[in-house]
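Visitor: Got a predicted structure here, sequence first:
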Amino acid sequence: MTRRAAEIRLDALLRTACDVIVERGLANTRTADVANAAGVSQALVFYHFATKERLLAQAFAYAVEQDLARLDAVTRSSAAPLTKLRRILKLYTPAGRATSWSMWIDGWSESLRTPELEKVSRRLDLRWRQDLAAVITAGVADGTFQCADADGAAWRISAVMDGLAVQLAVHDRVISRRQFGEWVRLVTSRELGLDPTDLD
């Protein structure tokens, strides 16, 4: 197998592993499940990942990198802080029950027992908060936002989004996407001295 072919196969296996994990959960995903879904032998899975634990950790890290790439596209753009803020809030919103959010929720739970997953999960969480704080700081500097503690505001906004996203992703019909959006806009606007309609 050439190096390029191996890289392509590895990328495809990681994407497939992410899909299987979203469907089955981290605890219930077997290497055989990933191999079957990818249409390859289990031996090839073990060629790339020596153990099931390494497969799951690398799949989780792969999913994290995809989310961080989308976040980077927002934060590195030349858009105004308010536009970046709107885009970050939209990125954070679960698109439905069968989304990557189920992987994050699962990952948080497994992080209590798996140090490698905890490191990856922490990196994702901290990056979201750091980038959100940076956007808030830029908005304060240009007069768009009013906030004396950008880091604290980023943590509080993220904590509310995390809690609501778990309810939206896990419990059917407990809250709606509309309610999620309204409540996130309300909390964010209070933190940053905005009107909630500024975040529509």
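Guide: Cool, got the structure.
Visitor: how about the helices in the chain?
Guide: Defined through DSSP state H, the helices belonging to the chain, from first to last, are 3-24, 31-38, 42-48, 52-75, 81-92, 100-111, 115-141, 150-170, 177-192.
Visitor: For stretch 34-44, measure first residue to last.
Guide: Distance between the two ends of stretch 34-44: 11 Å, counting by C-alpha to C-alpha, to the nearest Å.
Visitor: mean confidence score for it?
Guide: For stretch 34-44, mean pLDDT rounds to 89.
Visitor: List the buried residues of that stretch.
Guide: If you call a residue buried by 16 or more other C-beta atoms under 10 Å, then stretch 34-44 has these buried ones: Val34, Ala35, Ala37, Ala38, Val40, Leu44. (Glycine included, C-beta is placed from N, CA and C.)
Visitor: okay, among those residues, which ones form the most distant pair?
Guide: For the buried residues of stretch 34-44, with distances taken as C-beta to C-beta, the pair at the greatest spread is Ala37 and Leu44 (12.7 Å).
Visitor: thinking again about what came up before, same list, the buried residues of stretch 34-44, but as JSON lines with distance to Ala59 please.
Guide: Shown next, in JSON lines, are the buried residues of stretch 34-44 (distance: C-beta to C-beta, whole Å):
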{"residue": "Val34", "distance to Ala59": "8"}
{"residue": "Ala35", "distance to Ala59": "13"}
{"residue": "Ala37", "distance to Ala59": "12"}
{"residue": "Ala38", "distance to Ala59": "12"}
{"residue": "Val40", "distance to Ala59": "15"}
{"residue": "Leu44", "distance to Ala59": "15"}
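Visitor: Just name the closest of those to Asp106, please.
Guide: Taking C-beta to C-beta as the measure, Asp106 sits nearest to Val34 out of the buried residues of stretch 34-44, at 15.3 Å.
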